[in-house]
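S.K.: Structure of the sequence below:
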Amino acid sequence: QVQLVESGGGLVQAGGSLRLSCAASGSIRSINTMGWYRQAPGKQREVVASSTSDGSTNYVDSVKGRFTISRDSAKNTVYLQMNSLKPDDTAVYYCNVRGSVYGGISPLPFNSWGQGTQVIVSS
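M.R.: Sure thing, here's the model as predicted:
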């Protein structure tokens with residue numbers, strides 16, 4: 001069982017910045033992908049940014065140049081620095097972590113989600 005704890009959401013004016021954090025804990029053997037998703041009211045959840053263990057990162061077009069994903073492997077933590085925020089960025093943000101846990105004879109895969117943190121950007 002892997003638990004994720006998110007923090008850092010809140011209310012900010014357009015043009016402002018926020019930094020989200022997500023810490024993973026449990027019997028983690030390895031982490032492959034760490035990412036951030038968001039879901040706005042009435043819309044489907046979409047991937048915002050992701051980071052893989054080989055160092056590659058990907059972003060949805062709408063946040064490129066404004067958001068930066070980073071990870072601290074020693075702390076099993078992923079961050080999302082959000083700059084130049086726009087009202088369209090308003091959503092509940094969820095972190096997602098995938099990897100493996102110690103499972104006795106063989107490692108077991110896991111795919112965990114955070115509880116979500118609200119980001120509201122006012123115009």
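S.K.: Show the pLDDT at the residue of the chain most remote from its centre.
M.R.: Of all residues in the chain, residue 105 has its C-alpha farthest from the mean position, at 30.4 Å, by Cα atoms, centre = their mean. Looking at residue 105, its pLDDT reads 88.
S.K.: which residues touch residue 1?
M.R.: If you count contacts by Cβ atoms under 8 Å, 6 or more residues apart in numbering, residue 1 has them with 26, 27, 101, 110. For every residue, glycine as well, the C-beta is placed using N, CA and C.
S.K.: Next one, pLDDT for it please.
M.R.: Value for residue 1, per-residue pLDDT: 86.
S.K.: ditto for the one 10 residues further on
M.R.: On pLDDT, residue 11 comes in at 98.
S.K.: ok, the closest residue to it other than its chain neighbours to residue 50 distance?
M.R.: Closest residue to residue 11 apart from its sequence neighbours, by Cβ to Cβ, 6 or more residues apart in numbering: residue 120 at 4.6 Å. As judged by Cβ to Cβ, to the nearest Å, residue 120 and residue 50 stand 23 Å apart.
S.K.: now do residue 68
M.R.: As judged by Cβ to Cβ, residue 68 and residue 50 stand 12 Å apart.
S.K.: more neighbours, those two?
M.R.: Neighbours around residue 68 and residue 50, counted as other Cβ atoms under 10 Å, are more numerous at residue 50. The numbers are 19 against 15.
S.K.: thought that one was touching residue 34?
M.R.: Yes. Between residue 50 and residue 34 there is a contact at 7.1 Å, judged by Cβ atoms under 8 Å.
S.K.: what's the overlap in contacts for these two?
M.R.: residue 69.
S.K.: where along the chain do the helices fall?
M.R.: Here the chain has no helices by DSSP state H.
S.K.: residue boundaries of the strands in it?
M.R.: 2-7, 10-13, 18-26, 28-39, 46-52, 57-59, 67-72, 77-82, 91-101, 108-113, 117-122 (DSSP state E).
S.K.: which one of those has the most crowded surroundings?
M.R.: strand 77-82 (a mean of 23; mean count of other Cβ atoms under 10 Å).
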